[in-house]
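> pasted the sequence and its predicted model underneath.
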Amino acid sequence: MRYVFCSAVAVALIIGIASAQNQSPPTQIPAANAGNAQTPMAMNFTPGTLLRVKLDKTIDAKKAQVGDQIVAKTLDDLKSVPPGLATKGCEIVGHVVEVTQHQGDSPSKLRIVFDKMVLKNGNPMPLPAFIKAVGFVAEFNPATNSEQINAMGGGPGGAGADTVMGGQPSAGSGNPAMYAGGRLPMGSGSNPDAKLPYNAIGAIGMSGVTLGQGTEKDSILTSNKKNVKLEGGMQMILKTN
């Protein structure tokens, strides 16, 4: 009798387990595999890549605060795979990491970090870069504001060259302000399409302001005479780290 009872209990347990397994919820399909969804593609920039951008708004050391966002927009269509990820007008975003007003003998300092780019599809991507040159095109003087094409390990196309993502306009490229060598003469500001050449360097037309690179992938502008001020509309040549 006891044997029959134990057998009945065992059969009941087996039936219960099988029933529970049959009622378990179906396996969920990961969202990434559902339909035709694809992982968004991004871009990679080789260190030393040069980007030409235009500053959105004025940054004045007299008013700026640490953490203030800085936005500049690309002036060229950049090469990407697939094409069209980084067209003209994409945002390069940074922020102020240090600011000091000019007082007496104390210099004014503005330290900036650029750290990301917002692609055309809205996706952000890391883009650490420092300012190689900044200023208005009309104030660019090739005799004083540019470096020799091979002075720093080669210019565009040379061994050890900086990579130019957007391509540099040259004479006959549709930019009447350009002439042989890809440099802009003084007084070219009347041309709305005029652009700083990639071999520009330093703080252009900013009397008493020096531009340097810090140790934290940052850009440091310093003035011993006045508050550092970057005006909206100034163009920059950024160099990726």
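Good, I have the coordinates.
> please count neighbours and contacts with C-alpha atoms only from this point.
OK.
> this structure: strands as residue ranges?
49-55, 59-60, 69-74, 91-100, 108-118, 124-135, 163-164, 202-203, 209-213, 219-223, 229-230, 235-240 (DSSP state E).
> mean pLDDT for the ones you listed: which is lowest?
Mean pLDDT is lowest for strand 163-164 out of those, coming in at a mean of 62.
> from residue 63, how far off is residue 101?
9 Å (Cα to Cα, to the nearest Å).
> neighbour count: the two, which is higher?
Using other Cα atoms under 10 Å, the more surrounded residue of residue 101 and residue 63 is residue 101, with 19 against 11.
> break the chain into its domains for me.
2-33, 49-150+163-240 (automatic domain parsing).
> list the contacts of the nearest residue to residue 115 once chain neighbours are set aside.
In this structure, residue 115 finds its nearest non-sequential neighbour in residue 128, 4.3 Å apart by Cα to Cα, 6 or more residues apart in numbering. Going by Cα atoms under 8 Å, 6 or more residues apart in numbering, residue 128 touches 113, 114, 115, 116, 217, 240, 241.
> now which of those would you call buried?
Neighbour counting by 16 or more other Cα atoms under 10 Å classes 113, 114, 115, 116, 217, 240 among the contacts of residue 128 as buried.
> can I get the residues you listed in JSON lines including distance to residue 226?
Supplementary listing: these in JSON lines, determined by distance: Cα to Cα, whole Å:
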{"residue": "113", "distance to residue 226": "22"}
{"residue": "114", "distance to residue 226": "24"}
{"residue": "115", "distance to residue 226": "27"}
{"residue": "116", "distance to residue 226": "30"}
{"residue": "217", "distance to residue 226": "25"}
{"residue": "240", "distance to residue 226": "29"}
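> from those residues, pick the one nearest residue 95.
Proximity of the buried ones among the contacts of residue 128 to residue 95 (Cα to Cα) peaks at residue 113, which lies at 5.6 Å.
> got a pLDDT number for the nearest residue to the closest one once chain neighbours are set aside?
Counting by Cα to Cα, 6+ apart, residue 113 lies nearest to residue 218, which is 4.7 Å off, once chain neighbours are set aside. Here, the pLDDT recorded for residue 218 equals 93.
> so who does residue 218 touch?
Listed by Cα under 8 Å, 6+ apart, the contact set of residue 218 reads 111, 112, 113, 114, 129, 130.
> which two among these are spaced furthest apart?
Pairwise distances across the contacts of residue 218 (Cα to Cα) peak at 12.8 Å, for the pair 111 and 129.
> of those two, who's got more company?
Ranked by neighbour count (other Cα under 10 Å), residue 111 and residue 129 place residue 129 first, with 26 against 21.
> quick check: residue 124 vs residue 197, distance?
27 Å.
> quick one, which of those two is more surrounded?
Neighbour count, other Cα under 10 Å: between residue 124 and residue 197, residue 197 has more, with 23 against 15.
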